[in-house]
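[1] Show me how the following folds:
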Amino acid sequence: MTITSWKPAQLADLRECLELMTADGTVPGGVIAHGTLDGVPGFLAAGIVAPECGNARPGPDTVYDVASLTKVVATWPLVHAAGIDLDSPVRTYLPTVSADAPGGRVTVGQILAHTTGLRADTRLDQYRNRGEDLAALICGEDLIAEPGAGHRYINRGFILAGLLLAQATGRRLDDLAVDLWASLGMINTVYGPISRSNRVAPTEQRLAGAPRLWGIPHDDNAALLGGVAGHAGVFTTAGDLAAYATALLAGHRDGTGLGGWLARSMVPQAAIEPGIDRGLAWILADGGRVAYHHGFTGTSLYLAPATGRYLVICTNAVYHHQDNRTRLAPLRNLALKAVTAEP
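    Below you'll find the model as predicted:
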């Protein structure tokens, strides 16, 4: 490994892009953390947290709903820590799932690789007032593809992963996560709901004239699960994600801690598109040398073990727009280009 510092021009481009997105109303504001595994993180910020927060400016300690980053900062590392066998079918760990349930034969590894063939829409609201166990309901649905046959991003698998973690360990998912985050010094990372304050970035206003979502998960299905789910529900800061990235990259270099987990994560499992693969939970680019993941609310985390560099993006892009994936594309594309650039 050759640790490569960030070039001033790269950081200037990222700052300019974030400032332009703030100016044009794509996001109220946001924070980008950048750094290397052996240095102190730097932070680029623009805009405000949200109008509800007055003149509060986003910074390293601003708390964001990170949505699907939950998969890589909670669920998958906890599956690893619990020693869950990735080749085992989920029914091994979920006693309410019958032997003939279509989804029961999906393996834990297929969940992580998004190759389960489970029903694509999440829609846990359709199970309201049903008496059956949630895991049994999910696994009882017909599959849309043969498990392992191909990649399709599906949240239901990670919801099952959260449920089986609780079954396998006898502890709640959020309790397991607290121990993990404490061990890494991530003192501002929690599952929601959390109290409203000007340090917490609000997200969407679902009904005109009604209060905005603020401190509760933006993801409807995570909210139905009380805010604690395997696919979404975590709130954290750019500072904590920088600490997480540093720990992963240092562990990868030294072969300690979660370094082996990251190396395992970066083995391609399924093709997404030319040049982009799915590892275990993470998206892989640059010939498998870069791992990254996004959160629907407007967050991203990028890791480059070969150069020891990382980038974190924290925004509440869903504050204004639900089509935030398209609107965030310029910043995310620039971040990926920067983190994959040759030294």
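
[2] any low-confidence regions in the protein?
    Within the chain, no range satisfies pLDDT under 70.

[3] hey, where'd the helices end up in it?
    Shown for the chain, the helices assigned by DSSP state H span residues 8-23, 70, 76-81, 108-113, 134-140, 155-169, 173-183, 220-224, 238-254, 259-265, 324-340.

[4] was I right about Gln322 contacting Arg206?
    No - using Cβ atoms under 8 Å as the test, Gln322 is too far from Arg206 to be in contact (10.3 Å). Any C-beta I mention is one placed from the backbone N, CA and C, and that applies to glycine too.

[5] quick one: contacts for Ser88?
    Neighbouring residues of Ser88 by Cβ atoms under 8 Å, 6 or more residues apart in numbering: Thr107, Val108.

[6] one step back: same list (the helices of the chain) but as CSV, adding distance to Leu44 and mean neighbour count.
    As requested, these are exported to CSV (distance: least, Cβ to Cβ, whole Å; neighbours: other Cβ atoms under 10 Å):
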stretch, distance to Leu44, mean neighbour count
helix 8-23, 5, 16
helix 70, 24, 30
helix 76-81, 27, 22
helix 108-113, 32, 25
helix 134-140, 40, 21
helix 155-169, 30, 23
helix 173-183, 24, 17
helix 220-224, 29, 19
helix 238-254, 10, 23
helix 259-265, 25, 18
helix 324-340, 11, 17
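
[7] and Asp277, which of the ones you listed is closest to it?
    Nearest to Asp277, of all the helices of the chain, is helix 108-113, at 9.7 Å by Cβ to Cβ.

[8] Now find how far off-centre the closest one is within its chain.
    Relative to its chain's centre, helix 108-113 lies at 15 Å (Cα atoms, centre = their mean, to the nearest Å).

[9] Kindly export that helix (C-alpha atoms) in CSV.
    What follows is helix 108-113, C-alpha atoms only, in CSV (Å, rounded to 0.1, in the frame of the first residue of the first chain):
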residue,chain,number,x,y,z
VAL,A,108,-27.0,-15.2,4.0
GLY,A,109,-24.3,-14.6,1.5
GLN,A,110,-26.9,-14.2,-1.3
ILE,A,111,-28.5,-11.5,0.9
LEU,A,112,-25.2,-9.6,1.1
ALA,A,113,-24.6,-10.0,-2.6
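
[10] Chain neighbours aside, what residue packs nearest to Glu19?
    Leaving out its chain neighbours, the residue that sits closest to Glu19 by Cβ to Cβ, 6 or more residues apart in numbering is Ala46, at 4.6 Å.

[11] and the one you found, bridged to which residues?
    When bridges are called by DSSP bridges, Ala46 pairs up with Gly30.
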